[in-house]
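*Asks:* Next comes the sequence, and after it the predicted model I'd like to discuss.
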Amino acid sequence: MIVGVGIDTVELERIERAMERWPRFLDRILTPRERARTGERVERVAARWAAKEALFKALDPPSKGLYMGWRDVEVLNTSTGRPFFVVKGRTGRYVKRRNLRLHLSLSHDRGRAVALVLAQGRPRSRSRGCLGL
């Protein structure tokens, strides 16, 4: 059952300005493995930014108490290019506790990057996540 959906989009120009303005920007939002795979290609960096934002939306935490650190979430790719998440820290424990499967799609075109995340698993309770249909 789909228990969460998140989508985010970001202008490539916004990410490019941040990369130019703050020398440590990439180190703050990307893990070393992500840096090795994306380099400084702004469209790849922006897609990962959007993916992490979309993931938090899809997780729909029960309170603002779930802190998701930028580097607690990695966006990597399979050998065929399909993107996937590696989550650790508090976010990883939350995903594991809820036994969630995360699905990710990324794209970039015409100055924007977009990410769509589907969280699949059990609803948190019987009163949420099911319409009774």
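*Replies:* Alright, I've got the coordinates.
*Asks:* Which secondary structure element of this structure has the lowest mean pLDDT?
*Replies:* helix 89-97 (a mean of 90; mean pLDDT, DSSP states H and E).
*Asks:* Give me the helices and strands touching the next helix or strand after it, please.
*Replies:* Next along the chain after helix 89-97, taking DSSP states H and E as the criterion, comes strand 101-109. Applying 3 or more CB pairs under 8 Å, 6 or more residues apart in numbering; DSSP states H and E, one finds that strand 101-109 makes contact with helix 42-59, strand 83-87, strand 112-120. All C-beta spots, glycine's among them, are computed from the backbone N, C-alpha and C.
*Asks:* Export strand 101-109 to CSV, keeping only CA atoms.
*Replies:* Extracted C-alpha coordinates of strand 101-109, given in CSV (Å, rounded to 0.1, in the frame of the first residue of the first chain):
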residue,chain,number,x,y,z
ARG,A,101,10.0,0.6,0.6
LEU,A,102,11.0,3.8,-1.1
HIS,A,103,10.7,4.4,-4.8
LEU,A,104,12.4,7.3,-6.5
SER,A,105,12.2,9.0,-9.9
LEU,A,106,14.4,12.0,-10.9
SER,A,107,14.4,14.2,-13.9
HIS,A,108,15.8,17.5,-15.1
ASP,A,109,15.0,19.6,-18.1
